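Student: here is a sequence together with a model predicted from it:
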Amino acid sequence: MAQRFILNGTSYHGKGAIKEIATEAISRGFKKAFVCSDPDLIKFGVTKKVLDVLDENGLAYEVYSDIKPNPTVENVKTGVQAFKDAGTDYLIAIGGGSSMDTAKAIGIIINNPEFSDVISLEGVAPTKKPAVPIIAVPTTAGTAAEVTINYVITDTSKNRKMVCVDPHDIPVVAVVDPDMMSSMPKGLTAATGMDALTHAIEGYITAGAWELSDMFHLKAIEIISKSLRGAVENTPEGREGMALGQYIAGMGFSNVGLGIVHSMAHPLGALYDTPHGVANAIILPTVMEYNAPATGEKYRDIAKAMGVKGTDDMTQEEYRKAAVDAVRKLSQDVGIPANLKDIVKEEDIPFLAQSAYDDACRPGNPRETSVEEITELYKSLI
């Protein structure tokens with residue numbers, strides 16, 4: 001069977017990389033940018049770092065900030081109209097997954113207007129044309145939306161997140177500058193970092209994993225495990241490591257899929273507006289235990305990549321426990337809650353379990369599951 005692998009055409013990494021946004025915009029002949037960024041990033045001057053680059057180079061732009069942390073169908077529709085009204089010809093997405101996911105959906109609909117209801121983009125939509133060109137500038141080290149073919153939009157009418165997978169949505173340029181991440185507060189740094197670790201671990205054990213994706217995921221686990229604690233303390237080394245580690249994880253999972261950690265996290269974001277990284281971090285160790293019987297020797301590799309010593313001499317039971325314990329310890333060290341007790345209402349569990357089972361990430365899980373088993377996993381976490 002042929003294996004497909006899709007990555008950005010161009011990416012920049014390192015301090016000061018945002019200056020290359022002007023280089024790319026000018027060399028590609030772009031005229032006016034539609035800048036998608038959330039209100040907090042504008043308020044705290046993070047977006048301005050990129051706007052200053054545009055201003056210094058005489059590049060025109062329009063800023064769009066009607067973006068929620070879990071972006072909605074309405075955010076996208078409003079953005080599509082704003083893009084048209086502004087006379088823009090490319091997008092610059094500045095932020096975490098919310099800004100980049102919104103930009104992806106806008107870009108797809110502008111060039112594929114038959115999908116203007118947004119809902120029709122769920123799953124693997126048969127779009128015909130690439131999105132309007134997107135330059136993606138992450139301000140969090142977690143989602144890796146700048147290098148993935150995925151985006152997630154919330155359908156508030158049904159309290160559910162729509163996972164959209166489309167090779168046409170990948171940004172043409174990714175600009176991964178750790179300076180853009182330095183103002184992230186500790187809690188957000190921890191949550192997005194654990195999201196990145198979840199991407200790497202789920203991508204490594206997913207049903208679609210193969211040698212090329214394994215290479216990315218193991219390296220991402222190693223870098224994230226070494227860097228996240230430092231990033232939470234805002235050390236330059238920690239920030240730089242997380243900027244790279246989360247991107248490498250994205251290179252892998254975008255091409256092979258994820259599993260039920262994400263399936264279970266998505267409805268928490270839709271129903272309770274739970275930050276995606278927090279949901280993933282809480283759920284990950286429990287689902288790792290559940291999935292262990294279907295992972296062969298992969299937990300030995302995960303434990304080793306996370307810095308656990310003596311894995312070669314461990315039994316299967318020992319190295320599987322060591323991998324889960326290492327994840328739990330990292331999560332605890334960066335301040336992630338231990339369970340969903342303060343988030344999930346027991347009466348909502350049937351809805352959550354069915355939503356998780358129906359989620360686009362569920363088929364990638366290495367272990368076959370059911371609504372009943374997902375129900376028990378939720379119950380074990382409250």
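Tutor: Received, thanks. Fair warning: this is a prediction, and the values are worked out from it, not measured in the lab.

Student: when you work out contacts or count neighbours from here on, use the C-alpha atoms and nothing else.
Tutor: Fine.

Student: residue boundaries of the helices in the stretch 151-300 of the chain?
Tutor: Assigned by DSSP state H, counting those that start in this stretch, the stretch 151-300 of the chain shows helices spanning 186-205, 211-232, 236-256, 260-272, 276-291, 298-305.

Student: list the buried ones in the first one?
Tutor: Which is helix 186-205. 188-205 (16 or more other Cα atoms under 10 Å).

Student: go through the helices of the stretch 151-300 of the chain and pick out the most buried.
Tutor: Counting by mean count of other Cα atoms under 10 Å, helix 186-205 has the highest mean neighbour count of the helices of the stretch 151-300 of the chain, with a mean of 27.

Student: so what touches the least confident helix or strand in the chain by mean pLDDT?
Tutor: Lowest mean confidence among the helices and strands of the chain (mean pLDDT, DSSP states H and E): strand 160-165, at a mean of 90. Residues from elsewhere that reach strand 160-165 (Cα atoms under 8 Å, 6 or more residues apart in numbering): 119, 121-125, 149-155, 266-267, 269-271, 355, 359-361.

Student: what distance do you get for the one residue sitting closest to the centre of the chain to residue 218?
Tutor: In the chain, the centroid-proximal residue (Cα atoms, centre = their mean) is residue 143; its distance is 2.2 Å. Relative to residue 218, residue 143 is positioned 17 Å away (Cα to Cα, to the nearest Å).

Student: just residue 155 next, same as before
Tutor: Where residue 218 is concerned, residue 155 sits at a distance of 34 Å (Cα to Cα).

Student: which stretches of this structure form strands?
Tutor: Using DSSP state E, the strands of the chain run over residues 10-13, 32-37, 60-64, 90-95, 134-138, 150-155, 160-165, 173-176.

Student: any idea how far the fourth one is from the chain center?
Tutor: Computed by Cα atoms, centre = their mean, to the nearest Å, the chain-centroid distance of strand 90-95 equals 16 Å.

Student: direction included, what does that strand pair against?
Tutor: Using DSSP bridges, the strands paired with strand 90-95 are strand 32-37 (parallel), strand 134-138 (parallel).

Student: check what pLDDT the nearest residue to residue 217 once chain neighbours are set aside gets.
Tutor: In space, not counting the residues next to it along the chain, residue 217 is nearest to residue 200; the distance is 4.8 Å by Cα to Cα, 6 or more residues apart in numbering. At residue 200, the model reports a pLDDT of 98.

Student: buried sites along stretch 98-111?
Tutor: Neighbour count says stretch 98-111 has 98-111 buried, by 16+ other Cα under 10 Å.

Student: could I get those residues as JSON lines with distance to residue 79 and pLDDT?
Tutor: Formatted as JSON lines, these follow (distance: Cα to Cα, whole Å; pLDDT from 0 to 100):
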{"residue": "98", "distance to residue 79": "13", "pLDDT": "92"}
{"residue": "99", "distance to residue 79": "11", "pLDDT": "96"}
{"residue": "100", "distance to residue 79": "12", "pLDDT": "96"}
{"residue": "101", "distance to residue 79": "12", "pLDDT": "96"}
{"residue": "102", "distance to residue 79": "8", "pLDDT": "97"}
{"residue": "103", "distance to residue 79": "8", "pLDDT": "98"}
{"residue": "104", "distance to residue 79": "11", "pLDDT": "98"}
{"residue": "105", "distance to residue 79": "9", "pLDDT": "98"}
{"residue": "106", "distance to residue 79": "6", "pLDDT": "98"}
{"residue": "107", "distance to residue 79": "10", "pLDDT": "98"}
{"residue": "108", "distance to residue 79": "12", "pLDDT": "98"}
{"residue": "109", "distance to residue 79": "10", "pLDDT": "98"}
{"residue": "110", "distance to residue 79": "10", "pLDDT": "98"}
{"residue": "111", "distance to residue 79": "14", "pLDDT": "98"}
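
Student: hang on, the earlier thing: isn't the residue nearest to residue 217 up against residue 222?
Tutor: No. Using Cα atoms under 8 Å, residue 200 is not in contact with residue 222; the gap is 9.6 Å.

Student: what about residue 157, neighbour count?
Tutor: By other Cα atoms under 10 Å, 8 other residues sit near residue 157.

Student: show me what contacts the nearest residue to the residue nearest to the centre of the chain once chain neighbours are set aside?
Tutor: Leaving out its chain neighbours, the residue that sits closest to residue 143 by Cα to Cα, 6+ apart is residue 97, at 5.6 Å. Shown in contact with residue 97 (Cα under 8 Å, 6+ apart): 143, 144, 145, 151.

Student: now for the helices of the stretch 151-300 of the chain, which one comes closest to residue 375?
Tutor: helix 260-272 (9.8 Å; Cα to Cα).

Student: and the pLDDT at the residue nearest to the centre of the chain?
Tutor: For residue 143, the model assigns a pLDDT of 89.
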